[in-house]
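> can you look at this prediction? I've put the sequence above it.
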Amino acid sequence: MAKKKDKEIDKHYKKGRVQPLLLGIAGFLLLCLFVSIGAGFVGPRTANIQLTNVTSVPVGSGTGIQVYGKKYNPKTQLYRMELVISDTDEIGGMSAQAVKDMANIKFSADAGTIGQHDQPLVTTVEQVADDYLVVYVRNVPAEYVAIRVNLKLSRKNKLLENTMMPDGKPLTLAIDAKQNSAKPGKQLAIESPTRLRANYRAYQLKDWQEQIQVLAKANLSLQADITQNKKLTKKLRAEMKQQAAEDQTKTQSQIDSYESTTEQDKSRINGNNDQIRALKERIAKLKQSAE
(Lines give C-alpha, C1' and ligand atoms only; values in the text may rest on other atoms or scores of the structure.)
Protein backbone atom coordinates (compact mmCIF):
# COMPACT_ATOMS: atom_id res chain seq x y z
CA MET A 1 0.00 0.00 0.00
CA ALA A 2 2.93 2.31 0.84
CA LYS A 3 4.61 1.47 -2.48
CA LYS A 4 1.44 2.39 -4.37
CA LYS A 5 1.29 5.74 -2.61
CA ASP A 6 4.95 6.37 -3.39
CA LYS A 7 4.32 5.65 -7.10
CA GLU A 8 1.37 8.06 -7.17
CA ILE A 9 3.42 10.75 -5.44
CA ASP A 10 6.29 10.21 -7.89
CA LYS A 11 3.86 10.38 -10.84
CA HIS A 12 2.39 13.67 -9.61
CA TYR A 13 5.88 15.02 -8.94
CA LYS A 14 7.05 14.24 -12.49
CA LYS A 15 3.85 15.69 -13.92
CA GLY A 16 4.40 18.83 -11.86
CA ARG A 17 7.89 19.18 -13.30
CA VAL A 18 6.86 18.48 -16.92
CA GLN A 19 4.02 21.02 -17.04
CA PRO A 20 6.20 24.07 -16.20
CA LEU A 21 8.77 22.82 -18.70
CA LEU A 22 6.16 22.56 -21.48
CA LEU A 23 4.77 25.95 -20.57
CA GLY A 24 8.27 27.40 -20.71
CA ILE A 25 8.90 25.93 -24.16
CA ALA A 26 5.53 27.18 -25.41
CA GLY A 27 6.26 30.64 -24.02
CA PHE A 28 9.64 30.70 -25.74
CA LEU A 29 8.08 29.71 -29.08
CA LEU A 30 5.42 32.40 -28.72
CA LEU A 31 8.10 34.96 -27.93
CA CYS A 32 10.00 33.98 -31.10
CA LEU A 33 6.78 34.27 -33.08
CA PHE A 34 6.05 37.76 -31.75
CA VAL A 35 9.62 38.86 -32.45
CA SER A 36 9.41 37.62 -36.02
CA ILE A 37 6.03 39.32 -36.54
CA GLY A 38 7.39 42.49 -35.01
CA ALA A 39 10.36 42.34 -37.36
CA GLY A 40 7.95 42.05 -40.24
CA PHE A 41 6.17 45.25 -39.22
CA VAL A 42 9.46 47.04 -38.64
CA GLY A 43 10.64 46.00 -42.08
CA PRO A 44 13.42 43.91 -43.58
CA ARG A 45 17.08 44.63 -43.11
CA THR A 46 18.75 46.92 -45.62
CA ALA A 47 20.47 44.08 -47.44
CA ASN A 48 17.17 42.26 -47.99
CA ILE A 49 15.12 45.16 -49.35
CA GLN A 50 13.65 44.29 -52.73
CA LEU A 51 11.61 47.18 -54.06
CA THR A 52 11.33 49.25 -57.19
CA ASN A 53 11.36 53.01 -57.42
CA VAL A 54 7.82 53.81 -58.49
CA THR A 55 7.84 56.36 -61.32
CA SER A 56 4.12 56.36 -62.09
CA VAL A 57 0.87 54.82 -60.89
CA PRO A 58 -2.38 54.54 -62.87
CA VAL A 59 -5.49 56.23 -61.56
CA GLY A 60 -8.65 55.97 -63.58
CA SER A 61 -8.83 55.12 -67.26
CA GLY A 62 -5.77 56.45 -69.06
CA THR A 63 -4.80 58.89 -66.31
CA GLY A 64 -1.64 58.45 -64.26
CA ILE A 65 0.29 60.09 -61.44
CA GLN A 66 3.96 60.52 -62.29
CA VAL A 67 6.79 61.13 -59.83
CA TYR A 68 8.30 64.32 -61.22
CA GLY A 69 11.01 64.90 -58.63
CA LYS A 70 12.34 63.86 -55.21
CA LYS A 71 14.61 65.74 -52.82
CA TYR A 72 15.88 65.15 -49.28
CA ASN A 73 17.58 67.41 -46.75
CA PRO A 74 19.38 65.22 -44.17
CA LYS A 75 20.04 68.18 -41.87
CA THR A 76 16.39 69.11 -41.43
CA GLN A 77 15.13 65.55 -42.19
CA LEU A 78 12.71 66.98 -44.74
CA TYR A 79 11.70 64.95 -47.79
CA ARG A 80 9.82 66.32 -50.80
CA MET A 81 8.11 64.44 -53.61
CA GLU A 82 6.59 66.20 -56.62
CA LEU A 83 3.76 64.52 -58.51
CA VAL A 84 2.25 65.32 -61.89
CA ILE A 85 -1.16 64.03 -63.00
CA SER A 86 -1.77 63.61 -66.73
CA ASP A 87 -3.15 61.41 -69.48
CA THR A 88 0.13 61.73 -71.40
CA ASP A 89 3.80 62.43 -70.66
CA GLU A 90 3.29 66.18 -70.87
CA ILE A 91 2.40 68.44 -67.98
CA GLY A 92 -1.15 69.66 -68.18
CA GLY A 93 -2.12 66.93 -70.62
CA MET A 94 -5.45 65.94 -69.09
CA SER A 95 -8.68 65.07 -70.85
CA ALA A 96 -11.90 66.96 -70.10
CA GLN A 97 -13.12 64.02 -67.99
CA ALA A 98 -9.88 63.85 -66.03
CA VAL A 99 -10.05 67.60 -65.32
CA LYS A 100 -13.63 67.18 -64.10
CA ASP A 101 -12.68 64.24 -61.87
CA MET A 102 -9.67 66.07 -60.42
CA ALA A 103 -11.83 69.07 -59.52
CA ASN A 104 -13.76 66.82 -57.14
CA ILE A 105 -10.79 65.12 -55.46
CA LYS A 106 -9.08 66.05 -52.23
CA PHE A 107 -5.68 64.62 -51.37
CA SER A 108 -4.04 63.51 -48.16
CA ALA A 109 -1.09 61.24 -47.44
CA ASP A 110 0.87 59.32 -44.85
CA ALA A 111 4.38 57.99 -45.12
CA GLY A 112 6.74 55.56 -43.45
CA THR A 113 10.26 54.29 -43.87
CA ILE A 114 10.91 50.84 -45.30
CA GLY A 115 13.70 48.86 -43.67
CA GLN A 116 13.93 50.91 -40.49
CA HIS A 117 12.05 51.07 -37.19
CA ASP A 118 8.68 52.74 -37.31
CA GLN A 119 8.90 56.46 -36.68
CA PRO A 120 6.23 59.16 -36.69
CA LEU A 121 6.52 60.85 -40.09
CA VAL A 122 4.42 63.98 -40.43
CA THR A 123 3.10 64.18 -44.00
CA THR A 124 1.32 67.01 -45.79
CA VAL A 125 0.08 67.44 -49.36
CA GLU A 126 0.02 70.74 -51.23
CA GLN A 127 -2.14 70.78 -54.37
CA VAL A 128 -0.49 73.55 -56.33
CA ALA A 129 -2.58 72.97 -59.48
CA ASP A 130 -5.15 70.47 -60.71
CA ASP A 131 -2.33 68.36 -62.13
CA TYR A 132 0.54 69.13 -59.76
CA LEU A 133 1.04 68.02 -56.13
CA VAL A 134 3.87 68.45 -53.65
CA VAL A 135 4.19 65.98 -50.76
CA TYR A 136 6.29 66.98 -47.74
CA VAL A 137 7.43 64.34 -45.25
CA ARG A 138 9.10 65.43 -42.00
CA ASN A 139 11.27 63.55 -39.48
CA VAL A 140 12.77 61.26 -42.12
CA PRO A 141 15.98 59.78 -40.58
CA ALA A 142 19.32 60.28 -42.34
CA GLU A 143 19.69 56.58 -43.22
CA TYR A 144 16.09 55.85 -44.11
CA VAL A 145 17.02 53.45 -46.96
CA ALA A 146 13.58 53.66 -48.60
CA ILE A 147 10.28 55.43 -48.06
CA ARG A 148 6.68 54.69 -48.92
CA VAL A 149 4.21 57.49 -49.51
CA ASN A 150 0.56 56.47 -49.39
CA LEU A 151 -1.34 59.04 -51.42
CA LYS A 152 -5.03 59.06 -50.54
CA LEU A 153 -7.74 60.31 -52.89
CA SER A 154 -11.31 60.96 -51.80
CA ARG A 155 -14.28 62.83 -53.26
CA LYS A 156 -15.03 66.35 -52.09
CA ASN A 157 -18.67 66.07 -53.09
CA LYS A 158 -19.98 62.54 -52.64
CA LEU A 159 -23.00 63.29 -54.81
CA LEU A 160 -20.79 63.60 -57.88
CA GLU A 161 -19.61 60.50 -59.70
CA ASN A 162 -15.90 60.12 -60.35
CA THR A 163 -14.38 57.77 -62.93
CA MET A 164 -11.18 57.58 -60.88
CA MET A 165 -13.20 56.15 -57.99
CA PRO A 166 -16.10 54.36 -59.73
CA ASP A 167 -17.25 52.60 -56.56
CA GLY A 168 -17.25 55.88 -54.65
CA LYS A 169 -14.73 54.63 -52.09
CA PRO A 170 -11.50 56.51 -51.28
CA LEU A 171 -8.45 55.36 -53.21
CA THR A 172 -4.95 54.85 -51.79
CA LEU A 173 -1.89 54.72 -54.05
CA ALA A 174 1.44 53.47 -52.68
CA ILE A 175 4.58 55.13 -54.04
CA ASP A 176 7.90 53.56 -53.03
CA ALA A 177 11.23 55.37 -53.40
CA LYS A 178 14.75 54.35 -52.50
CA GLN A 179 16.96 56.83 -50.70
CA ASN A 180 19.47 56.95 -53.56
CA SER A 181 16.73 58.10 -55.95
CA ALA A 182 16.26 61.40 -54.10
CA LYS A 183 18.47 64.33 -55.01
CA PRO A 184 20.28 65.92 -52.05
CA GLY A 185 18.78 69.29 -51.21
CA LYS A 186 20.76 71.14 -48.57
CA GLN A 187 18.58 74.22 -49.09
CA LEU A 188 15.33 72.23 -49.20
CA ALA A 189 12.62 73.77 -47.04
CA ILE A 190 8.85 73.98 -46.99
CA GLU A 191 7.96 76.65 -49.52
CA SER A 192 5.08 79.09 -49.60
CA PRO A 193 2.14 78.55 -52.01
CA THR A 194 3.41 81.48 -54.09
CA ARG A 195 6.82 79.91 -54.45
CA LEU A 196 5.31 76.52 -55.29
CA ARG A 197 3.24 78.09 -58.07
CA ALA A 198 6.39 79.73 -59.43
CA ASN A 199 8.11 76.32 -59.40
CA TYR A 200 5.16 74.84 -61.24
CA ARG A 201 5.43 77.49 -63.96
CA ALA A 202 9.13 76.71 -64.29
CA TYR A 203 8.34 73.00 -64.69
CA GLN A 204 5.73 73.79 -67.32
CA LEU A 205 8.18 75.93 -69.30
CA LYS A 206 10.86 73.25 -69.13
CA ASP A 207 8.44 70.54 -70.23
CA TRP A 208 7.10 72.57 -73.17
CA GLN A 209 10.61 73.54 -74.29
CA GLU A 210 11.65 69.89 -74.21
CA GLN A 211 8.61 68.98 -76.30
CA ILE A 212 9.59 71.63 -78.87
CA GLN A 213 13.08 70.14 -79.05
CA VAL A 214 11.67 66.63 -79.60
CA LEU A 215 9.35 67.85 -82.36
CA ALA A 216 12.11 69.87 -84.04
CA LYS A 217 14.40 66.83 -83.99
CA ALA A 218 11.63 64.70 -85.50
CA ASN A 219 11.24 67.28 -88.28
CA LEU A 220 14.94 67.05 -89.11
CA SER A 221 14.63 63.29 -89.49
CA LEU A 222 11.53 63.64 -91.65
CA GLN A 223 13.20 66.25 -93.85
CA ALA A 224 16.22 63.97 -94.28
CA ASP A 225 13.85 61.20 -95.39
CA ILE A 226 12.21 63.55 -97.91
CA THR A 227 15.62 64.50 -99.35
CA GLN A 228 16.62 60.86 -99.66
CA ASN A 229 13.33 59.92 -101.35
CA LYS A 230 13.76 62.73 -103.89
CA LYS A 231 17.26 61.52 -104.77
CA LEU A 232 16.04 57.96 -105.23
CA THR A 233 13.07 59.12 -107.30
CA LYS A 234 15.33 61.18 -109.58
CA LYS A 235 17.66 58.21 -110.08
CA LEU A 236 14.80 55.85 -110.86
CA ARG A 237 13.26 58.26 -113.40
CA ALA A 238 16.59 58.39 -115.24
CA GLU A 239 16.79 54.59 -115.28
CA MET A 240 13.22 54.26 -116.59
CA LYS A 241 14.22 55.84 -119.93
CA GLN A 242 16.31 52.80 -120.78
CA GLN A 243 14.02 50.11 -119.33
CA ALA A 244 11.59 47.76 -120.98
CA ALA A 245 7.87 48.35 -120.43
CA GLU A 246 7.60 45.62 -117.77
CA ASP A 247 10.57 47.01 -115.82
CA GLN A 248 9.21 50.52 -116.11
CA THR A 249 6.02 49.37 -114.35
CA LYS A 250 8.05 48.03 -111.40
CA THR A 251 10.17 51.18 -111.26
CA GLN A 252 7.10 53.40 -111.35
CA SER A 253 5.70 51.42 -108.41
CA GLN A 254 8.87 52.21 -106.43
CA ILE A 255 8.65 55.88 -107.39
CA ASP A 256 5.01 55.99 -106.29
CA SER A 257 5.98 54.47 -102.94
CA TYR A 258 8.75 57.07 -102.37
CA GLU A 259 6.46 59.94 -103.35
CA SER A 260 3.69 58.67 -101.06
CA THR A 261 6.14 58.49 -98.16
CA THR A 262 7.32 62.01 -98.97
CA GLU A 263 3.77 63.36 -98.77
CA GLN A 264 3.26 61.60 -95.44
CA ASP A 265 6.52 63.10 -94.15
CA LYS A 266 5.42 66.58 -95.22
CA SER A 267 2.08 66.11 -93.49
CA ARG A 268 3.81 65.04 -90.28
CA ILE A 269 6.16 68.02 -90.45
CA ASN A 270 3.17 70.36 -90.82
CA GLY A 271 1.49 68.73 -87.82
CA ASN A 272 4.67 69.03 -85.75
CA ASN A 273 5.01 72.69 -86.73
CA ASP A 274 1.44 73.33 -85.58
CA GLN A 275 2.28 71.77 -82.21
CA ILE A 276 5.48 73.82 -81.95
CA ARG A 277 3.56 77.04 -82.64
CA ALA A 278 0.96 76.12 -80.00
CA LEU A 279 3.68 75.34 -77.45
CA LYS A 280 5.47 78.62 -78.16
CA GLU A 281 2.18 80.47 -77.69
CA ARG A 282 1.67 78.71 -74.33
CA ILE A 283 5.18 79.69 -73.27
CA ALA A 284 4.65 83.32 -74.24
CA LYS A 285 1.35 83.57 -72.38
CA LEU A 286 2.77 81.86 -69.29
CA LYS A 287 5.70 84.27 -69.21
CA GLN A 288 3.30 87.20 -69.56
CA SER A 289 1.16 85.97 -66.65
CA ALA A 290 4.25 85.68 -64.46
CA GLU A 291 5.29 89.29 -65.05
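Sure, I can see it.

> off-centre distance for stretch 225-237?
45 Å (CA atoms, centre = their mean, to the nearest Å).

> what is the mean pLDDT for that stretch?
What stretch 225-237 shows for mean pLDDT is 96.

> and stretch 270-284, by the same measure?
For stretch 270-284, the mean pLDDT works out to 96.

> any low-confidence regions in this structure?
For the chain, applying pLDDT under 70 flags the ranges 1-50, 88-92, 116-120, 291.

> could you chop it up by domain?
As recorded under automatic domain parsing, the domains making up the chain are 1-42, 56-190, 204-290.

> can you show me the strands along this structure?
56-58, 64-73, 78-86, 105-114, 123-129, 132-137, 146-155, 171-178, 183-184 (DSSP state E).

> show me what the first one is packed up against.
If I follow you right, that is strand 56-58. Judged by 3 or more CB pairs under 8 Å, 6 or more residues apart in numbering; DSSP states H and E, the packing partners of strand 56-58 are strand 64-73, strand 171-178. (Glycine included, C-beta is placed from N, CA and C.)

> list the strands paired with it, with their directions.
Next to strand 56-58 in the sheet, as set by DSSP bridges, lie strand 64-73 (antiparallel).

> tell me what angle the strand it pairs with forms with strand 146-155.
Here strand 64-73 runs at an angle of 130 degrees relative to strand 146-155 (axes from the mean of the first three to the mean of the last three CA atoms, to 10 degrees).

> and the nearest residue to residue 95 once chain neighbours are set aside, how many neighbours?
Once flanking residues are discounted, residue 95 sits nearest to residue 87: 5.2 Å by CB to CB, 6 or more residues apart in numbering. As a burial measure, residue 87 scores 17 neighbours (other CB atoms under 10 Å).

> pretty sure residue 87 contacts residue 97?
No. Using CB atoms under 8 Å, residue 87 makes no contact with residue 97, being 9.2 Å away.

> name the single longest helix found in the chain.
Ordering each helix of the chain by length in residues (DSSP state H) puts helix 193-240 first.

> I'd like to know which elements that helix is packed against.
Using 3+ CB pairs under 8 Å, 6+ apart: helix 193-240 touches strand 123-129, strand 132-137, helix 245-290.

> can you say which of the ones you listed is nearest to residue 51?
Proximity to residue 51 (CB to CB) singles out strand 132-137 among the helices and strands packed on helix 193-240, at 16.8 Å.

> how far is that closest one from where the chain is centred?
Relative to the chain's own centre, strand 132-137 is displaced by 13 Å; criterion: CA atoms, centre = their mean.

> can you name every helix or strand that that strand contacts?
Applying 3+ CB pairs under 8 Å, 6+ apart, one finds that strand 132-137 contacts strand 78-86, strand 105-114, strand 123-129, strand 146-155, helix 193-240.

> mind running it again at 6 Å?
If you count contacts as 3 or more CB pairs under 6 Å, 6 or more residues apart in numbering; DSSP states H and E, strand 132-137 packs onto strand 78-86, strand 123-129.

> what's in contact with it?
79-84, 109, 111, 121, 123-127, 149, 190, 196, 200 (CB atoms under 6 Å, 6 or more residues apart in numbering).

> can you check stretch 270-288 too?
201, 208, 211, 212, 215, 218, 219.
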